[in-house]
Every structure is written in C-alpha cells, then in structure tokens.
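# have a look; sequence and predicted model below, questions after that.
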Amino acid sequence: LDTLIYMALEHNRDVLMAMSRIEQAYAVLGMSKADLWPSLGYDISASYAQPDAAGGGADPGALFAITPSVYWELDFWGKVRRANQAALAEIVASEEALRLVRVSLIAAVADGYFQLLDFDKRLEISRRTWETRKESLWIIEQRFVAGTVPEIDLNQAQQQEAIAAVAIPVYERSVARTENYLSVLIGQNPRNIQRGSLDNSVTPPQIPVGLPSELLLRRPDLVAAEQQFYAEVARIGVAQAMRFPSFSITGALGVASGDLSSLLSGDALIYSVGGSVLGPIFNWGKNKRRVVIQREVAEQALLNYEQAVLNAFREVDDALIDIHTYKAESDSRERQKVAAINAADLSRARYDGGQTAYLEVLE
C-alpha cells in the first residue's frame, strides 16, 4: 500500500496538473508584478523619400533610425497592487488545491487497496463455497438415486450450486475493475496490482473526544476557498481603479542618419519626453457595472467558502458516526457469525440423521 501511494503521488495525472497550475499561478504573479515597473522597448526604422514630378516635397534620400523607448504607467490608484494581491491569493489557493489532491489521492488509493483485498477474500470464499456446493450436490444426487431424498432436495441443491458458481465471475470482475482503478490512480496502464499481507491488527485509529473545530482550518479545501475569496475581493480594487484616469510617462532617445554606415556615429540625436492622462468620461455605465459584477463574484466566492465550511462539518460528523456505527455493526456481525456456524453444524447433523429437510440446511 505504501508503494502504491508513493507511485500515485509521483505519477498521478491530477497531481501533475495541480503542480502545473501552481507554476501557472507564479507566472501570472510575475506578469502582474512587471506592470509596476517601466517597460523598455526599441524602434528600428528605415525609409526612403522621392519627390513628386512637380518638384515639391522633400529631397530624395534614405533615413535610418534607432530609437529606444520607455513607457511607465503610474500605479496611482493601486490597480496593479491589487492585481498582485489577487495573484498571490491565487498562488496560495493553487498550493492548497495541490494539497487537497494529494490528500484525496492517498485516501482513494488506500480505499481502493482495501476494497481490492476485500474482493480477493470474497472471491476466495466464493470458490470455496462452490466446491462445497458441488460436493453437497453430488451427495444429494446419490441419495436421490437411492431414493432416500425427494426430488425437491435435489432441485434446491442444484440451485445452490448454480448460485455459488455465479458469484465467482462476479467477484473476478470486481477484482479486475478495482485493479484497473488503482492502476489509473498510480498513473499506469491497467495491470495486476501486487498485494501485501493483511492481518487483523489493521484497524482505524481511535478518535479522541472533544476535538476543537479549529482543526478544520487544516483542511486544504477550506484554505483554498478562503484564498479564492481574497483574490476576488482584491479584483474589486482593480475594477474600481479602472473607473479613474491612468497616468503614464513615455520617453525616447535615439539616433538617425541618412547613411546606414554612419548611423551609430551620433551625427543626428533624436529624443522625446512626454506624459499622458487617459480616462473615461461617459461609457453608459460600463465601468460602474464592471465593479458591480466583480462585487457579485466576490459575494459568490464568500458563499462558496461558507458552503465549504458547512460541508466540512458534515463530512467530519459523518465520519465520526461511521466509525461508531461500524464498530457496533462489526460486533453484531461477529455474534451472528458464531450463531450461524453453530446452527449450520446442527442443521447438517439433523439432515444427515434424516430428521429435517434440506431447506433447513440452506437457511
């Protein structure tokens, strides 16, 4: 089981996708941070001018220019900073999503493994039962031929042999499907799964009473939902900032020449410096509604977080109930098994002594 879990954590496609989403979130944060700083660029151009037939216009000739440029949009209203906060929250949410995938994967592999062992045991019991039913059928056939039992006993024995035979392919199918399920979890094609030995010491741990509800804060699904809410709240600030003017500074410094060979000699220095203010005036409430939309998205994220908390309490309570009731069910099944073994022995002895019908043995 440990080996299967390690293989799943290493090769499961869901884990690999969650890891890829974390890298994607870091890349988004890097892009968002880049908007805080000036962006540098360049412009390389070449042109040739020819005067018109009337002799007007510029003198003929070529012009070559290299112009590095700078553009910087000032984060006056905090739009970029809020976008960075949203990106950071997305990273934390992605990391918690990966932790959730890993925890869920470990549980799925363990559950599938014990289910496989259960089907193995059921298949073993089915084969033993079939052998027993065949033996009983042979005995009753001999008794029927000898005229010591009625035909109804023979028919009942035949039915029981057929029922036992049907159970074998059913559990063979269940074993194969569970092996295929585990194979996919560990990131491999369907294959036979190696089993280990299982003794009776494998029992669930004892859950102490009085555990604080704050332990739910460890759940990665709750942390991820919380961080997703923070991200959506931060994006409200981004949408709000888009309602106000943006301030930017631009600059360019370069050289130009009519001869390509002398372009870098600095014979013609060109430069420009400027600033701009760009803002909305009237757009039929588009920017205002963008803020309203983002507020509703944040409200939905908050409700999703609250729903995740409710589900967490429900799942924990269900698990505690399962542990308690399965223990009581197991104790009752143990008493039932002891009584059934004793009843089966007595019924078979009574049937062999001719004191009861075969139906009592089957029951």
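Thanks, I have the structure now. Numbers count the residues shown, from 1 in each chain.

# residue boundaries of the helices in the stretch 1-150 of the chain?
Taking DSSP state H, counting those that start in this stretch as the test, the helices found in the stretch 1-150 of the chain are 2-11, 13-34, 79-146.

# beyond the longest one, next helix or strand please.
Where DSSP states H and E defines the elements, the next helix or strand beyond helix 79-146 is helix 151-185.

# which stretch among the helices of the stretch 1-150 of the chain comes nearest residue 341?
Distance to residue 341, taken as Cβ to Cβ, is lowest for helix 79-146 among those, at 13.7 Å. C-beta: built from backbone N, CA, C; applies to glycine.

# helices or strands next to the closest one in the packing?
On a contact count with 3 or more Cβ pairs under 8 Å, 6 or more residues apart in numbering; DSSP states H and E, helix 79-146 meets helix 2-11, helix 13-34, helix 151-185, helix 220-241.

# how big is the angle separating the longest one from helix 79-146?
Meaning helix 151-185. Direction vectors for helix 151-185 and helix 79-146, defined by axes from the mean of the first three to the mean of the last three Cα atoms, to 10 degrees, enclose an angle of 160 degrees.

# excluding chain neighbours, what is closest to the residue nearest the centre of the chain?
Centroid-nearest residue in the chain, with Cα atoms, centre = their mean: residue 101, separated by 4.8 Å. Distance criterion Cβ to Cβ, 6 or more residues apart in numbering; nearest residue to residue 101, sequence neighbours excluded, is residue 18 at 4.7 Å.

# for that neighbour, give its distance to residue 90.
Per Cβ to Cβ, to the nearest Å, residue 18 is found 13 Å from residue 90.

# looking at those two, which is more packed in?
residue 90 (24 against 20; other Cβ atoms under 10 Å).

# output the below-cut-off pLDDT ranges for this structure.
Within the chain, the stretches with pLDDT under 70 are 49-61, 198-202, 204, 253-268.

# which strand in it runs the most residues?
For the chain, the strand that runs over the most residues, judged by DSSP state E, is strand 61-74.

# does anything pack onto that strand? Which helices or strands?
strand 39-49, strand 246-257.

# who does that strand pair up with?
strand 39-49 (antiparallel), strand 246-257 (antiparallel) (DSSP bridges).

# please identify the deepest-packed of those strands.
Most buried of the strands paired with strand 61-74, by mean neighbour count (mean count of other Cβ atoms under 10 Å): strand 246-257, with a mean of 16.

# could you check how far the helix or strand just after it is from the centre of its chain?
Using DSSP H and E, the helix or strand that directly follows strand 246-257 along the chain is strand 269-278. Averaging C-alpha positions (Cα atoms, centre = their mean, to the nearest Å) puts strand 269-278 50 Å from its chain's average.

# same for strand 269-278, what does it pack against?
Strand 269-278 makes packing contacts with strand 246-257 when contacts are defined by 3+ Cβ pairs under 8 Å, 6+ apart.

# which ones are touching residue 290?
Residues in contact with residue 290 (Cβ atoms under 8 Å, 6 or more residues apart in numbering) are 239, 242.

# which SS state does it fall under?
Using DSSP: H, G, I helix; E, B strand; the rest coil, the structure places residue 290 in helix.

# likewise the one 5 residues further on?
Of the three states, residue 295 takes helix under three-state DSSP.

# same deal with residue 327?
Classification of residue 327 using three-state DSSP returns helix.

# wait, what's in contact with it?
Applying Cβ under 8 Å, 6+ apart, no residues qualify as near residue 327.

# go through the helices and strands packed on strand 61-74 and name the closest to residue 220.
With Cβ to Cβ as the criterion, residue 220 lies closest to strand 39-49 of the helices and strands packed on strand 61-74, at 37.0 Å.

# next, count neighbours for the spatially closest residue to residue 129 that is not a sequence neighbour.
Leaving aside its chain neighbours, residue 129 sits nearest to residue 164 (4.7 Å; criterion: Cβ to Cβ, 6+ apart). A count of nearby residues for residue 164, using other Cβ under 10 Å, gives 21.

# same thing with the one 3 residues further on?
Residue crowding around residue 167 was assessed by other Cβ under 10 Å; the count is 16.

# and for it, nearest residue in space, chain neighbours not counted?
residue 126 (4.1 Å).

# how many residues are close by that neighbour?
As a burial measure, residue 126 scores 19 neighbours (other Cβ under 10 Å).

# again, but for residue 320
For residue 320, using other Cβ under 10 Å, the count is 13.

# make 801 the first number, not 1, from now on.
Yep, numbering from 801; the last one is residue 1120 now.

# surely it meets residue 1008?
No. Using Cβ atoms under 8 Å, residue 1120 is not in contact with residue 1008, being 11.1 Å away.

# ok, so what distance separates residue 882 from residue 844?
36 Å.

# ok, residue 938 next?
Taking Cβ to Cβ, one finds residue 938 at 97 Å from residue 844.

# same question, residue 1112
59 Å.

# ditto for residue 1103
Counting by Cβ to Cβ - residue 1103 and residue 844 are separated by 54 Å.

# for residue 1022, same thing?
Taken as Cβ to Cβ, the span from residue 1022 to residue 844 is 54 Å.
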